[in-house]
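> With the sequence up front, the predicted model follows.
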Amino acid sequence: MDMEFFNDIKNHSHLFTKSEGEVCPKCDSFAFENDICETCHFDGNISVLGEPLGEKSFYSMKENFFLSLSRLEREHPKMFLEDSRFKQYLNRTKLRYNDLLDFFYSVESHSSENRALYLQELRDTIVELMSFGVEEREIWNPLNRRNVDNQSLFNRIKEVITEYNLEKASIKKLSLSYKFGGIISIGTILLSLMMVTVLMCLSYSFLTYSKFYN
């Protein structure tokens with residue numbers, strides 16, 4: 001018997017006898033020991049989410065971003081959505097959203113004492129994404145790509161999206177019904193402006209037609 005070969009197999013037997021729970025969650029390699037992957041160097045001992053409300057959280061990321069903005073940018077962020085800084089912030093928020101989803105699809109989330117805090121962060125992250133114009137289908141895409149069903153998480157996200165849309169519609173309706181001096185509403189003013197614009201266009205067309213044929 002080749003003892004060198006036998007000893008080599010013995011010393012590396014852990015690579016061939018890994019249970020399903022000892023596979024690297026990042027690259028599916030069996031070379032995963034003590035929560036560290038020898039293939040992709042993933043370290044399971046380091047929390048991707050970090051501490052609730054910590055440096056890696058959505059809240060810290062948002063605070064640092066808004067502190068870097070001017071007063072005009074903070075008050076009217078939608079005017080600067082094409083700015084590279086805003087795009088970078090939006091992409092980082094999307095990554096955080098995906099990290100939170102990974103957590104809620106993991107086994108550890110069921111026994112985590114911070115589950116409620118991360119669930120609140122997930123809600124606030126979704127609201128932030130939608131307030132920046134991210135379409136609803138983009139919110140659902142990361143969930144649709146996962147094969148594991150998580151109905152409770154699905155329902156929670158659906159509630160957040162519904163609440164946001166209802167609040168947005170309510171604010172829009174309220175702003176249109178606001179009355180200047182308690183007399184004329186914004187909706188009435190807009191309708192009047194539209195009618196005036198239409199009349200002006202018709203008058204211009206009529207004058208142009210009369211001048212051309214007279």
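Sure, I can see it.
> start to end distance for stretch 32-51?
24 Å (CA to CA, to the nearest Å).
> Spell out which helix or strand contains Arg92, please.
Element membership for Arg92 (DSSP states H and E) is helix 84-104.
> how about that helix: buried residues?
Across helix 84-104, burial judged by 16 or more other CB atoms under 10 Å covers Phe86, Tyr89, Leu90, Thr93, Lys94, Arg96, Tyr97, Asp99, Leu100, Leu101, Phe103, Phe104. (Each C-beta comes from the backbone N, C-alpha and C, glycine too.)
> just checking, what packs against the helix or strand following it?
Using DSSP H and E, the helix or strand that follows helix 84-104 in sequence is helix 115-131. Helix 115-131 makes packing contacts with helix 58-67, helix 84-104, helix 136-144, helix 151-177 when contacts are defined by 3 or more CB pairs under 8 Å, 6 or more residues apart in numbering; DSSP states H and E.
> any idea how the protein splits into domains?
Using automatic domain parsing, the domain ranges for the chain come out as 1-46, 49-176, 179-213.
> one step back: okay, angle between the helix holding Arg92 and helix 58-67 too, please.
Note on geometry: by axes from the mean of the first three to the mean of the last three CA atoms, to 10 degrees, helix 84-104 and helix 58-67 are set 180 degrees apart in direction.
> And for Leu49, the neighbour number?
19 (other CB atoms under 10 Å).
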